[in-house]
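Colleague: Predicted coordinates and the sequence they were generated for:
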Amino acid sequence: AQRVTQPEKLLSVFKGAPVELKCNYSYSGSPELFWYVQYSRQRLQLLLRHISRESIKGFTADLNKGETSFHLKKPFAQEEDSAMYYCALSGRSGSRLTFGEGTQLTVNP
Amino acid sequence: NAGVTQTPKFRVLKTGQSMTLLCAQDMNHEYMYWYRQDPGMGLRLIHYSVGEGTTAKGEVPDGYNVSRLKKQNFLLGLESAAPSQTSVYFCASSWPGQGIHEQYFGPGTRLTVT
């Protein structure tokens, strides 16, 4: 069975502060991990995927297989980063995503 | 391209009523999905389809049925609505190219069952 856990439902930081959104997973094989974001009144959209090793809007995430984690980080948070963030895992078949519970990030001015 | 669209955007039902939610995509995607989003529980997969004429159960299929008669449409039906089905429903689609399934989401349907 595959499972994704986001331990923080709410996270609040000040503008310019570093931010880290935690994601832990359990999966017996080699997973594909993603971060999706949902801004207020907008649809869910892909933020980044671990296989691309990319930085999007200043966010990065590293897959740590030893700790089974895929934490999302940004060194300097901006107010426009305020949103709901979901970590998601795709297993071997690749056709299904398992989402975590989500973390609501608020960046205060 | 409109991407993924959902109809209706809002709906209020009484317990026991039935309804159908329509999802349409114009990206020629093979895979389509229905999720429900509840506070503190994230998105949970209800049903999905890997091609026209095929459907499969997700994590929380009970109380829902689906049909994929046309590649571009994926319908979600509630035969006898219950208050526990009050939720926001999202449809998504993806194309299994390159083995990576980026899913594209619709705007959501907010359903209230009283």
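Modeller: Okay, I see it.
Colleague: Could you give the bridge partners of the residue most central in space within chain B?
Modeller: Nearest residue to the geometric centre of chain B (CA atoms, centre = their mean): B:Trp34, 2.6 Å. B:Trp34 forms beta bridges with B:His47, B:Cys91, as assigned by DSSP bridges.
Colleague: what sits against it?
Modeller: Shown in contact with B:Trp34 (CB atoms under 8 Å, 6 or more residues apart in numbering or on different chains): B:21, B:23, B:45-48, B:58, B:64, B:66, B:74, B:76, B:89-91. No exception for glycine: its C-beta is placed from N, CA and C like everyone else's.
Colleague: Out of the residues you listed, which is nearest to A:Arg3?
Modeller: Of all those, B:Leu45 has the smallest distance to A:Arg3: 13.2 Å, by CB to CB.
Colleague: wait, what's in contact with the closest one?
Modeller: Counting by CB under 8 Å, 6+ apart, B:Leu45 has contacts A:Arg96, A:Leu97, A:Thr98, B:Tyr33, B:Trp34, B:Tyr35, B:Gly58, B:Glu59, B:Val60.
Colleague: Kindly report the same for B:Leu76.
Modeller: Residues counted as contacts of B:Leu76 (CB under 8 Å, 6+ apart) are B:Thr20, B:Leu21, B:Cys23, B:Trp34, B:Ile46, B:His47, B:Tyr64, B:Asn65, B:Val66, B:Tyr89, B:Cys91.
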